[in-house]
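**Student:** What follows is a predicted structure for the sequence shown.
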Number of protein chains: 2
Amino acid sequence: FDPEWRIFARSASDDKGPILMLLTALDALRMRNEEPPFHLKVILDFEEEQGSPHLPAAVVKYRKALACDALLIFDGPRHPSNLPTLSFGARGIATLTLTVYGPRVPQHSGHYGNWAPNPAMRLAQLLASMKDAAGRVTIPGFYDGIEIDEETQAILAAVPDDEAAIMRKLGIAAPDSVGRSLQEALQYPSLNIRGMASGWVGEKVRTIVPATAVAEIDIRLVKESDPERLLQLVREHIEGQGYYVTEQEPTEEERLTHPRICRFESSISYGAFRTPVHSSVGRWLSRALVKAFGREPVKKRTSGGSVPISPFVNTLGVPAVGVPTVNPDNNQHSPNENIRLGNYRDGIQTIYSILTEPWNPNR
Amino acid sequence: FDPEWRIFARSASDDKGPILMLLTALDALRMRNEEPPFHLKVILDFEEEQGSPHLPAAVVKYRKALACDALLIFDGPRHPSNLPTLSFGARGIATLTLTVYGPRVPQHSGHYGNWAPNPAMRLAQLLASMKDAAGRVTIPGFYDGIEIDEETQAILAAVPDDEAAIMRKLGIAAPDSVGRSLQEALQYPSLNIRGMASGWVGEKVRTIVPATAVAEIDIRLVKESDPERLLQLVREHIEGQGYYVTEQEPTEEERLTHPRICRFESSISYGAFRTPVHSSVGRWLSRALVKAFGREPVKKRTSGGSVPISPFVNTLGVPAVGVPTVNPDNNQHSPNENIRLGNYRDGIQTIYSILTEPWNPNR
C-alpha cells in the first residue's frame, strides 16, 4: 500500500489508531512466539476527551494494581516534521476570569464619557501591566525556578522546528520573545488572554460606557510552576494596581467604597509533568526507536498542550513519557479526521520495538 | 391637576410634547391678541432619531429661507434637578474601530501560547498607552486649545449637579478625573471604549490564542476639537507604538512583513457647537426664563450628548441654544416613556415667555 493513503474516520488518529497499533504489535509478538521482557499493564480511559473526570480517583483507588516502573502514553501526533517523536512532558493548566467594573449598567457615553470610569480601559491597563511589549510576564516571580542550562538548551535546539514555516502558516511576521525559540517558550508558564469582552462591537455597537469588562485567561503551567503560587502572584499584582479583589459579584457597599474592583475567579485543572530526557526510561525508549527507524527520535522536553497525566506521575511516583505516533495533520477533533497508513505502520513498528527492548534501568 | 401626574405614550417627551407646548403657547398668544415681537420660523425634522440624514443638505438648499438671528432647539430633558434649563452647546461625535491582529485563525494556546502574539494583550497595551490611571488622554495635543478660565469655571460651578447622588446611582466610588467636576469633564473631548472583543468569554470560552482583538471607540468632540486632527493624533500615536496602520484587512504580504498591524476605521458624524452663555441670545433667553419662573435657569455650557445642530450653526452662521423642557426621568427611547404634567405646563410657560420677550441683540 501507498504510505500516503489515509483512513478517514472519527477517532481514527485520536485514539482508536494507537489502540489498534498496540493490539497489532501484540499479535506480531504472538505470531513470532515472543514475549515482552517486562510486564505490561494497559489503561484505557474512555473519558479522556471530557477531561478524565474519574481518572485521578481511580488511580488513587487502584494504586497498588497500577504500580509500575514507567508510564507510556500512546496519544497525540508526532512532531510536525512527522519524524519519530518522544514527548517528555506536558504543560498543566489553570484558568482565570477577571471582571472589572464600571457603572452599574451601561451609561450614555455622551452624558458620562470622561467621568464614569470605563471598565474596558481599566481592564486594558490592568492586563497591559502584566506583560512587556515582547510578551514576557512582568509580574515579579512568575518565571522563578526556571533555568535553561546548556544541556537543556541542547535538547531544545535538537528539535527540528521550522519556525519560518510556522510563522507563514500562522500569518505572523514575528513571534513573542518569552524564549529564544518556540521550544524554549514552552518551558515557561504562559499567561494567555483567551477571550476579552466589554460592551458591544460590530453591528451591535452602542455609544455607551460599558458596565463591565471581562478577560478570560489561561495559564499553562510547567513543572516548576506551583499553580496556587502563580495565581496568588497575579492576584497580588492586581491588588498592587490599586484594585479591591473579590471572588464574588461586588456588593452595593463594595461598589461605593472601592474605586477599582476586580472579580477574580480561578480554577486549577491539573499540573505539569516532565520526565528527564536523559533518564533511564528516556534512554530505553530512544534505543527502541533507534532500533526501529535507524535514527534518534525528536525529543520534546515539554509539549505545549496539557494532558491529565500528573495524577499518575504524582500518585504512582513513576516517570511518564508520551510516544505519539499519528500524523500531525490528522485533523483530530475536527472534520475529516484521518490516519496516514505510513504512520499506522510506523506506529505498530514503534510499539513492537518498545515491547521487545530489554528494560534496564541502569543502562 | 396634580403636576406629578404623567402621560405615558411613545414620544410623549421626545418630541411630541415640546411640539404641542409650542402650539399651545401660540394659541395662548392668539387668545390674548398678542404677537411675538419677532418673526418665527419652525423646522420639524421627522428623521432626527435616524441621525437626520437629510437635514444638512436641506439646510444648505434652503439657507436663504432659513436665515435668522438665532436657533432654539426644543428637545431633550432639563437638568436632573428638573429646574428650568438652557443648554448652550453639545458635543459632536466621531467613531473609531481598531482591530489588532494575531495568528490568522485562533491557535491552541498550549501549542502556541508564549510564542504566537496575542492580539488581546497587544490591544490592551495599545489602549492602555492612550490614557493615564485617572482617565486622562495622554496622547500629546488631544486636549489642545481647551481653556477653562475663571468665567467658564463660574458657569460650570453654577450647575447644581449632585455628583454624590449620581455616583450612588451609577454604583461607583469615584469618577475619572478629566475635569474637576462632571461639568468640567464635558468641556473636553472624550476617548471612550464603547466595546471590546477578542476570542470567546463565558460559556463559549476556548483555550486559544485569538486571531483578532477589536476595540470600538467613540470620541465626543468639543468646539475646540477638529475631528480630523484628533483622529490623526490617535493614528500617529498608534504608529508611534510600532504599529503598521491600515484601513483595510491586512494582506498576506502585510501580515508577513509587519510584526504589529492595526486596522484603523474612522467616521466623523458631526462636530460640536457652543454658543457663549453671556451672548445676547443667552441673555435674552435668561431674561425670558427669569420672567417665567422668578429664578435664573440652569445654564449648561456643554451638554454631554451629541445633537446634529452643527449643520445649522455652520451653514447659517447663527447662534444655537437648547431649551429643554421635559422631565429628566421621561424614559425617552425606552419602555414607559412619559411626560410629567408639571413639565408640560412649565414648557408652555417657557415658550410663551420666550415668544413674548423683546429681542434686543444689544442688551
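**Tutor:** Everything's here; your move.
**Student:** And chain A, split by domain according to the record?
**Tutor:** Per the record, chain A has its domains at A:6-90+A:272-355, A:92-146+A:188-269, by automatic domain parsing.
**Student:** between those domains, which has the poorest average model confidence?
**Tutor:** Lowest mean pLDDT within the domains of chain A: domain A:6-90+A:272-355, at a mean of 93.
**Student:** neighbours around A:Asn118, how many?
**Tutor:** Using other C-beta atoms under 10 Å in any protein chain shown, A:Asn118 has 33 neighbouring residues. Yep, even glycine has a C-beta here, placed from its N, CA and C like the rest.
**Student:** Let me know which of the domains of chain A is tucked in deepest.
**Tutor:** domain A:92-146+A:188-269 (a mean of 20; mean count of other C-beta atoms under 10 Å in any protein chain shown).
**Student:** Run the chain-centre distance for that one.
**Tutor:** Centre-to-centre, domain A:92-146+A:188-269 and its host chain are 22 Å apart (C-alpha atoms, centre = their mean, to the nearest Å).
**Student:** can you give me the end-to-end distance of it?
**Tutor:** Start and end residues of domain A:92-146+A:188-269 are separated by 7 Å (C-alpha to C-alpha, to the nearest Å).
**Student:** Please enumerate the helices of the stretch 1-150 of chain A.
**Tutor:** Counting by DSSP state H, counting those that start in this stretch, the stretch 1-150 of chain A has helices at residues A:17-31, A:55-61, A:63-66, A:109-112, A:119-128, A:150-157.
**Student:** I'd like those as CSV, with distance to A:Leu86 appended.
**Tutor:** As requested, the helices of the stretch 1-150 of chain A are exported to CSV (distance: least, C-beta to C-beta, whole Å):
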stretch, distance to A:Leu86
helix A:17-31, 14
helix A:55-61, 23
helix A:63-66, 22
helix A:109-112, 56
helix A:119-128, 37
helix A:150-157, 11
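**Student:** Can you say which of these is nearest to B:Glu224?
**Tutor:** helix A:109-112 (16.8 Å; C-beta to C-beta).
**Student:** coming back round to it: in JSON lines: the domains of chain A, plus distance to chain B.
**Tutor:** Output for the domains of chain A, formatted as JSON lines (distance: least, C-beta to the nearest C-beta, whole Å):
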{"stretch": "domain A:6-90+A:272-355", "distance to chain B": "4"}
{"stretch": "domain A:92-146+A:188-269", "distance to chain B": "4"}
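**Student:** how about those, which one is nearest B:Asp149?
**Tutor:** Of all the domains of chain A, domain A:92-146+A:188-269 comes closest under C-beta to C-beta, at 19.3 Å.
**Student:** ok, now which ones touch the spatially most central residue of chain A?
**Tutor:** With distances taken as C-alpha atoms, centre = their mean, A:Gly305 lies nearest the centre of chain A, 2.2 Å away. Listed by C-beta atoms under 8 Å, 6 or more residues apart in numbering or on different chains, the contact set of A:Gly305 reads A:76, A:90-91, B:108, B:110-111.
**Student:** Select, out of the domains of chain A, the one closest to B:Asp346.
**Tutor:** domain A:92-146+A:188-269 (22.1 Å).
**Student:** what sits against A:Ala157?
**Tutor:** A:Ala157 touches A:181, A:183, counting by C-beta under 8 Å, 6+ apart.
**Student:** Looking at it now. What's its pLDDT?
**Tutor:** pLDDT at A:Ala157 comes out at 97.
**Student:** I'd like the distance between it and A:Gln183.
**Tutor:** 8 Å (C-beta to C-beta, to the nearest Å).
**Student:** which strands and helices sit next to the host helix or strand of A:His237?
**Tutor:** Using DSSP states H and E, A:His237 maps to helix A:227-240. Judged by 3 or more C-beta pairs under 8 Å, 6 or more residues apart in numbering or on different chains; DSSP states H and E, helix A:227-240 is in contact with strand A:92-101, strand A:212-221, strand A:244-246, strand A:261-270.
**Student:** looking at the ones you listed, which is closest to A:Leu22?
**Tutor:** strand A:261-270 (24.6 Å).
**Student:** Need the residues that contact the closest one.
**Tutor:** A:51, A:92-101, A:126, A:227-228, A:231, A:235, A:238, A:243-250, A:254-255, A:306, A:308, A:310-311.
**Student:** wait, A:Leu86 sits on A:Arg301?
**Tutor:** No: judged on C-beta atoms under 8 Å, A:Leu86 makes no contact with A:Arg301 at a distance of 10.0 Å.
**Student:** and the closest residue to A:Lys16 other than its chain neighbours, how far is that from B:Gly102?
**Tutor:** Using C-beta to C-beta, 6 or more residues apart in numbering or on different chains and skipping the chain neighbours, the partner closest in space to A:Lys16 is A:Ala9 (7.8 Å). Distance, A:Ala9 to B:Gly102, by C-beta to C-beta: 33 Å.
**Student:** Same question for A:Leu355.
**Tutor:** 43 Å.
**Student:** cool, and A:Val318?
**Tutor:** In terms of C-beta to C-beta, A:Val318 sits 38 Å off from B:Gly102.
**Student:** and what of A:Leu40?
**Tutor:** 44 Å.
**Student:** Hmm, A:Glu34 is touching A:Thr356, no?
**Tutor:** Yes: the pair A:Glu34 / A:Thr356 is scored as a contact, 6.5 Å apart, by C-beta under 8 Å.
**Student:** sorry, back to before: who's in contact with the residue nearest to A:Lys16?
**Tutor:** A:16, A:337-339.
**Student:** can you redo the residues you listed as a markdown table with secondary structure?
**Tutor:** A markdown table is the format used below for the contacts of A:Ala9 (DSSP: H, G, I helix; E, B strand; the rest coil):
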| residue | secondary structure |
| --- | --- |
| A:Lys16 | helix |
| A:Glu337 | coil |
| A:Asn338 | strand |
| A:Ile339 | strand |
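**Student:** B:Ile217 versus the residue located most distally from the centre of chain A, what's the distance?
**Tutor:** Distance from the C-alpha centroid of chain A peaks at A:His111, with 46.1 Å (C-alpha atoms, centre = their mean). A:His111 is 17 Å from B:Ile217, where distance means C-beta to C-beta.
**Student:** what about the strands in the stretch 51-200 of chain A?
**Tutor:** A:71-73, A:85-87, A:89-90, A:92-101, A:107-108, A:192-199 (DSSP state E, counting those that start in this stretch).
**Student:** quick one, what contacts the residue nearest to A:Leu123 when sequence neighbours are not counted?
**Tutor:** Once flanking residues are discounted, A:Leu123 sits nearest to A:Ala213: 3.8 Å by C-beta to C-beta, 6+ apart. Residues near A:Ala213 by C-beta under 8 Å, 6+ apart: A:99-100, A:102, A:119-120, A:122-124, A:196-198, B:196.
**Student:** Please repeat the previous calculation with a cut-off of 6 Å.
**Tutor:** A:100, A:119-120, A:123, A:198 (C-beta atoms under 6 Å, 6 or more residues apart in numbering or on different chains).
**Student:** who's the residue nearest to A:Arg122 when sequence neighbours are not counted bridged to?
**Tutor:** Nearest non-adjacent residue to A:Arg122, counting by C-beta to C-beta, 6+ apart: A:Val100, 4.8 Å away. Per DSSP bridges, the residues bridged to A:Val100 are A:Ala213, A:Cys262.
**Student:** separation between A:Val100 and A:Asn118?
**Tutor:** A:Val100 is 9 Å from A:Asn118, by C-beta to C-beta.
**Student:** got it, and A:Leu256?
**Tutor:** 18 Å.
**Student:** Also A:Gly179?
**Tutor:** 35 Å.
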